[in-house]
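[1] got a predicted structure plus its sequence, pasted below:
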Amino acid sequence: MKNQTTPSKIKVSFSWSGGKDSAFALWKIQNDSIFEVRRLHTTFGEETRRVGLHGIHEDLIMAQADSLGLPLDKIFYPAIGDNQAYEKAMNKYLDVLESEGIRHIAFGDIFLEDLRKYREEKLAGRGFHAIFPLWKMDTTVLANDFIKAGFKTLICAAIADLISKEKIGMDFSKEFLESLPEGVDPCGENGEFHSFCYAGPIFEKALELEAGGILSKSYDIPLATGAVDKKHYWFAAIHSLGSKSH
């Protein structure tokens, strides 16, 4: 009988935002036998050291990575909305992955076609491949499956015109889902709200968090038409108290 060699797994770097979609997508891909997630990478504003419109500080992302048992690569770029700076920073990171034989990157995107096309085209130009473990899942089903699986995440940011201030800092739960206004996606896939995941089946230990109040800030969001859309956001001021066993 001939010896059969086991095919090597596809090495992956995971694009980690710290939120529920990232957490659920990571869980999915870690349970797929053909992939091996080697590391996480997160982009931060160079000045703020926070994750884009999530408002999450790098210390909290590092605490997540520690509990996940995965190395975290931090990618800094000068300013929100500066796409050239973002692409320059990402290309530099792709050089690092290429040197390590990693040519696949996973994302937690669900149904934003333009974003998927952008990611795939930019990666293909460098000989990389994009993976979308949650692609085209029904977001109502996904949101409920996330809760049933035992994940815990809190609402860390939201558009003020859509989500009331009282909901910032609360857990993503059935009660939260039932309170969402009509037209708001259950997973916030259109950017209505963002979350920070602090416990669940992928974590060795749950993170202990402390909410230090609600902050507000407005941003000018560039539109494809060339116009600018001003949006007002709520942010939860979250601090880590460490971690605890489940």
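    That came in fine, so what should we check first?

[2] can I get stretch 104-115 in CSV, CA atoms only?
    The C-alpha coordinates for stretch 104-115 follow below in CSV (Å, rounded to 0.1, in the frame of the first residue of the first chain):
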residue,chain,number,x,y,z
HIS,A,104,-4.6,34.2,1.6
ILE,A,105,-6.4,36.8,3.7
ALA,A,106,-9.7,36.3,5.4
PHE,A,107,-12.4,38.9,6.0
GLY,A,108,-15.6,39.1,7.9
ASP,A,109,-17.6,40.9,5.2
ILE,A,110,-21.1,39.6,4.5
PHE,A,111,-22.8,41.3,1.5
LEU,A,112,-21.1,44.5,0.5
GLU,A,113,-20.3,43.7,-3.2
ASP,A,114,-18.2,46.8,-3.9
LEU,A,115,-16.0,46.2,-0.8
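
[3] show the backbone phi and psi for Lys117.
    Dihedral pair for Lys117: phi -60, psi -40, per degrees, to the nearest 10.

[4] can you pull the contacts of Ile147?
    172-174 (CB atoms under 8 Å, 6 or more residues apart in numbering). (C-beta placed from N, C-alpha, C; glycine too.)

[5] please tell me how far it sits from Glu178.
    Between Ile147 and Glu178 the computed distance is 12 Å (CB to CB, to the nearest Å).

[6] repeat that for Asn190.
    In terms of CB to CB, Asn190 sits 19 Å off from Glu178.

[7] compare the two (neighbour count), which wins?
    Using other CB atoms under 10 Å as the criterion, Asn190 and Glu178 rank with Asn190 on top: 14 against 7.

[8] that one belongs to a helix, doesn't it?
    No. Counting by DSSP: H, G, I helix; E, B strand; the rest coil, one finds Asn190 to be coil, located in no helix.

[9] mind listing what the residue nearest to Glu46 when sequence neighbours are not counted touches?
    Nearest non-adjacent residue to Glu46, counting by CB to CB, 6 or more residues apart in numbering: Phe76, 4.4 Å away. Applying CB under 8 Å, 6+ apart, we find Phe76 in contact with 43-46, 49, 89.

[10] buried only: go through the residues you listed for me.
    Buried positions within the contacts of Phe76, assessed by neighbour count (16 or more other CB atoms under 10 Å), are 43-45, 89.

[11] show me which pair in these is furthest apart.
    Gly45 and Ala89 (10.9 Å; CB to CB).

[12] which residues are common contacts for the two?
    76-77.

[13] give me the low-pLDDT residue ranges for the chain?
    For the chain, applying pLDDT under 70 flags the ranges 1-6, 79-82, 222-226, 242-246.

[14] remind me, longest helix of it?
    Ranked by residue count and defined by DSSP state H, the top helix of the chain is helix 83-99.

[15] and that one, how far out from the chain's middle?
    From the chain centre to the centre of helix 83-99 is a distance of 18 Å (CA atoms, centre = their mean, to the nearest Å).

[16] name the helices or strands packed onto it?
    strand 35-45, strand 72-77, helix 113-124 (3 or more CB pairs under 8 Å, 6 or more residues apart in numbering; DSSP states H and E).

[17] which stretches of the chain form helices?
    Under DSSP H, the chain gives helices at 20-30, 58-68, 83-99, 113-124, 139-148, 174-179.

[18] burial of Ser8, as a residue count?
    Quick note: Ser8 (other CB under 10 Å) scores 8 neighbours.
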